[in-house]
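Peer 1: Let's see this in three dimensions:
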Amino acid sequence: MSGDPYDPERFRSLGHSFVDLLADHLAATANRDGPVLRWQEPAAKLQSLPPLDGTADPEAPLALLQRLLAESNRLHHPRFVGHQVDPPLPLAALLELTGALLNNGMAVYEMGPLQTAMEQRAVDWMCRHLGFPAGAAGVLTSGGSIGNLTALLAARQKLPGDAWRNGLSQGAVLVGEQAHYCIDRAARILGCGEQGVVRVPADDQFRMRAEALPAALWQAEQRGRKVIAVVASACSTATGSFDPLPAIADFCRDRGLWLHVDGAHGASYCLSPKHRHLLAGIERADSVVWDAHKLLLMPALVTGVLFRDGRESYAPFAQEAGYLFAQDPRPHDRGLRTLECTKRALGAMLYTSLRAVGEAPLVAFLDHSMALGAAFADLLQGAPDFELACRPQANIVCFRHRPEGGGDLDAHQRALRQRLLQDGRFYVVQAALPQGVFLRTTLINPRTNVADLQDLLAVIRELAAG
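Peer 2: All right, here's what the predicted structure looks like:
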């Protein structure tokens, strides 16, 4: 791009062209035109992209955008039913553009004054819907992995004295068998080591068995471990199962343990009067993680780390940085609550989208996703050549194809998944469960319907036969 790269008229012209291409992309995906993914092996993809040689190509931006649209995974396509990543609101993309141009980091208030206020309003909204009391607080951060680590750092700070200052080699957290792997990562970062996660058995619906918590606590103590928290899933990543929060909260209350709820995926259902019951007890958690880029239709990554007692939100990163922060905690300086020293203005995007769209379309989408999961389960239960892992509790459905003659079912699912990837008409993923390998769908597109899911089963049968 030769000439002045800050020329506003060139930016205007290029921006109009970009938006036209993006709008065409939205129209095509809404019409189910073309595949979800045009598969190419990684080495071939890299070979197809010229290396950077330092020269300028004025045509590169539009040409590369066209390639990106053609060769990327198309999440706005109703037949994207794979990972837990939503098709973002187009408005949010424009807000991302604004944030990228302004580039106001938010560690301190003066670097993003209105953005800070917008984030505060967004966090207050999340805390209110969780049922947290006045005085709850939190921060928006870049993803559930950072969010869960932040919450467990706060739990660690609750240990008496200075037991945590030199790491936590004898610490542990109790988690369900289906907890996300980032919890194990967080425990290792905390210094708990390989034995820092104690798994609590699950029931046949992949939910933590709350009655097994005393035995898990005893097991940890027998190892010489100090349990700092219980982590419940609402819902789990693999199967969409909701742990029994009231019983887990009772256990934590009686033992004086921190309760953290990983609600990255399922916390959004607190907006729905029909499905709020799945989260009963979440208001008793000490901390909750809630991803807006899963079921609130935001681009990745926008994660709320929310504390029932807002004072705990300062605990994870309590340290001296007098060149940047005032001596006393200031709620308007977001950098006091997050690992990120340069923090993106995530709240501006979430707040503006909520103001523009309102809650009603989100509730309708959440209810649609839940109904679609139930309808897909009905289809699978009515098909003798398919098997459900469990009746879905959310919009995540795990199932497998059972060919005539049996054989190695795990190898069959892996082969089917690869054929689906290369075929491109649908995008699904897979999950390893105690019963074996299953295909896994997340029904996260507002335009996906039952006809799409009927066609998915037909395509699987076609590929299995071929």
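Peer 1: show me where pLDDT drops low in this structure?
Peer 2: By pLDDT under 70, the low-scoring segments of the chain are 1-2, 160-168, 318-331.
Peer 1: Restrict the strand or helix carrying Glu9 to CA atoms and write it as CSV.
Peer 2: In the assignment (DSSP states H and E), Glu9 maps to helix 8-30. What follows is helix 8-30 as a C-alpha-only set of coordinates in CSV (Å, rounded to 0.1, in the frame of the first residue of the first chain):
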residue,chain,number,x,y,z
PRO,A,8,-8.5,9.1,5.3
GLU,A,9,-9.9,9.1,1.7
ARG,A,10,-8.0,5.9,0.8
PHE,A,11,-9.2,4.4,4.0
ARG,A,12,-12.8,5.4,3.1
SER,A,13,-12.6,3.8,-0.4
LEU,A,14,-10.9,0.6,0.9
GLY,A,15,-13.4,0.4,3.7
HIS,A,16,-16.4,0.6,1.4
SER,A,17,-14.9,-2.2,-0.7
PHE,A,18,-14.3,-4.3,2.4
VAL,A,19,-17.8,-3.9,3.7
ASP,A,20,-19.3,-4.8,0.3
LEU,A,21,-17.3,-8.0,0.2
LEU,A,22,-18.2,-8.9,3.8
ALA,A,23,-21.9,-8.2,3.2
ASP,A,24,-21.8,-10.4,0.2
HIS,A,25,-20.2,-13.1,2.3
LEU,A,26,-23.0,-12.8,4.9
ALA,A,27,-25.6,-13.1,2.1
ALA,A,28,-24.0,-16.1,0.6
THR,A,29,-23.7,-18.0,3.9
ALA,A,30,-27.2,-17.2,4.9
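Peer 1: quick one: buried residues of that helix?
Peer 2: Residues 25, 29 are the ones in helix 8-30 that count as buried (16 or more other C-beta atoms under 10 Å). (C-beta placed from N, C-alpha, C; glycine too.)
Peer 1: swap in stretch 289-304?
Peer 2: Of the residues in stretch 289-304, 289-299, 301-304 count as buried by neighbour count, 16+ other C-beta under 10 Å.
Peer 1: Which of those residues sits closest to Arg419?
Peer 2: Of all these, Lys294 has the smallest distance to Arg419: 27.4 Å, by C-beta to C-beta.
Peer 1: Going along the chain, name the strands of the stretch 201-350 of the chain.
Peer 2: 226-233, 258-262, 287-291, 303-307 (DSSP state E, counting those that start in this stretch).
Peer 1: those helices in this protein, which residues are they?
Peer 2: Assigned by DSSP state H, the helices in the chain fall at 8-30, 42-47, 60-71, 90-102, 113-130, 144-157, 181-189, 213-222, 245-255, 292-295, 346-357, 360-381, 409-423, 450-465.
Peer 1: nearest to Ala172, of those?
Peer 2: Counting by C-beta to C-beta, Ala172 lies closest to helix 213-222 out of those; the figure is 4.6 Å.
Peer 1: And that closest one, how far out from the chain middle?
Peer 2: Relative to the centre of its chain, helix 213-222 is centred 30 Å away, using C-alpha atoms, centre = their mean, to the nearest Å.
Peer 1: packing partners for it?
Peer 2: Contact analysis of helix 213-222 by 3 or more C-beta pairs under 8 Å, 6 or more residues apart in numbering; DSSP states H and E lists strand 171-176, strand 197-200, strand 226-233, helix 245-255 as its packing neighbours.
Peer 1: Alpha carbons only: can I get that helix in CSV?
Peer 2: Extracted as CSV, the C-alpha positions of helix 213-222 are listed here (Å, rounded to 0.1, in the frame of the first residue of the first chain):
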residue,chain,number,x,y,z
LEU,A,213,-17.1,-34.6,46.8
PRO,A,214,-16.3,-35.6,50.4
ALA,A,215,-14.3,-38.6,49.1
ALA,A,216,-12.4,-36.4,46.7
LEU,A,217,-11.6,-34.0,49.4
TRP,A,218,-10.4,-36.8,51.6
GLN,A,219,-8.3,-38.2,48.7
ALA,A,220,-6.6,-34.8,48.3
GLU,A,221,-5.9,-34.4,52.0
GLN,A,222,-4.4,-37.9,52.1
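Peer 1: Show me which residues of it are buried.
Peer 2: Neighbour-count burial for helix 213-222 [16+ other C-beta under 10 Å]: 213, 216-217, 219-220.
Peer 1: same question, stretch 94-107
Peer 2: Those would be 95-96, 99, 104-107, for stretch 94-107 by 16+ other C-beta under 10 Å.
Peer 1: May I ask you to confirm that Gln159 is in contact with Ile228?
Peer 2: Not quite, residue 159 is Leu, not Gln. Yes - if you go by C-beta atoms under 8 Å, Leu159 and Ile228 touch, sitting 6.4 Å apart.
Peer 1: Name the residue in these two with the higher neighbour count.
Peer 2: Taking neighbours as other C-beta atoms under 10 Å, Leu159 and Ile228 compare with Ile228 leading, 27 against 15.
Peer 1: ok, the more buried one - contacts?
Peer 2: Counting by C-beta atoms under 8 Å, 6 or more residues apart in numbering, Ile228 makes contact with 152, 155-156, 158-159, 168, 171-173, 257-258.
Peer 1: which residues touch Leu366?
Peer 2: Leu366 neighbours (C-beta under 8 Å, 6+ apart): 268-269, 271-272, 275, 295.
Peer 1: what's the burial count for Met118?
Peer 2: Residue crowding around Met118 was assessed by other C-beta under 10 Å; the count is 23.
Peer 1: Touching, it and Gly347? I think so.
Peer 2: Yes - under the criterion of C-beta under 8 Å, Met118 makes contact with Gly347 at 4.5 Å.
Peer 1: how close does the nearest residue to Ala187 once chain neighbours are set aside sit to Ala212?
Peer 2: Spatially, and ignoring its direct neighbours in sequence, Ala187 is nearest to Gly196 (3.7 Å; C-beta to C-beta, 6 or more residues apart in numbering). Computed as C-beta to C-beta, to the nearest Å, the Gly196 to Ala212 distance reads 19 Å.
Peer 1: Please apply the same query to Leu362.
Peer 2: 35 Å.
Peer 1: okay, the two: which has more neighbours?
Peer 2: Using other C-beta under 10 Å as the criterion, Leu362 and Ala212 rank with Leu362 on top: 20 against 17.
Peer 1: quick one: contacts for the nearest residue to that one once chain neighbours are set aside?
Peer 2: Closest residue in space to Leu362, ignoring its immediate chain neighbours: Leu271 at 5.9 Å, by C-beta to C-beta, 6+ apart. Going by C-beta under 8 Å, 6+ apart, Leu271 touches 129, 359, 362-363, 366.
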